[in-house]
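Asks: I'll drop the sequence and a predicted model, then ask my questions.
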Amino acid sequence: MTATAPTVNGRVIGLAHYAGRAIVEHVLAGHGATFLQQITLRAVVVADGPLELDALVAEVTGALKNDPSDVRATVGELVDRGLVVSDGPLIRPTEAGRELIATTAAETGGISARIYAGIAAEDLAVAGRVLSLVTERADAELAALKSQG
């Protein structure tokens, strides 16, 4: 840990995000998967039932702020790999898709446990509240920017 804790700002948040994402991408690469595939597949796996393609695209696009066409292409990649099946507009996970999510979650879970070890629960709660508020405000700013053209 650094001697002087920095005040939270976009750079600090970004560095933490990219450090964690690099770990996830490293684990996923060992399974021949990409970050966007994992996020999209996870949304399908944790859903209460089949997801409509448009709802899936909206969910992933809303979370990652990426282009909807990228998510649609990723769904095609997941179908091609046998990780999801498409029944008309409905997307369902396959057993292989469920297994990939479970395996990568287990692999990253141990790493995450080591990363968060020793951080006080109160500090994690404060960080969670602050980051949730930052996300909410950033989403509102992005929506305002998009509405301006």
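Replies: Looks like it arrived, so ask away. Numbers count the residues shown, from 1 in each chain.
Asks: Give me the pLDDT value at the residue positioned nearest the centre of the chain.
Replies: What sits nearest the mean C-alpha location of the chain, by Cα atoms, centre = their mean, is Ile39, with 4.6 Å. We have a pLDDT of 98 for Ile39.
Asks: Check Ala3 too.
Replies: For Ala3, pLDDT reads 63.
Asks: follow-up on the earlier one: was I right to think the residue nearest to the centre of the chain contacts Ala63?
Replies: Yes: applying Cβ atoms under 8 Å, one finds Ile39 in contact with Ala63, separated by 6.8 Å. Where you see a C-beta, it was placed from the backbone N, CA and C, and this is true even at glycine.
Asks: for the record, mean pLDDT for the longest helix belonging to the chain?
Replies: Secondary structure of the chain per DSSP state H: the longest helix is helix 121-148. For helix 121-148, mean pLDDT rounds to 95.
Asks: The closest residue to Pro50 other than its chain neighbours and Ala22, how far apart?
Replies: Using Cβ to Cβ, 6 or more residues apart in numbering and skipping residues adjacent in sequence, the residue nearest Pro50 is Leu90, 4.0 Å away. When distance is defined by Cβ to Cβ, to the nearest Å, Leu90 is 34 Å away from Ala22.
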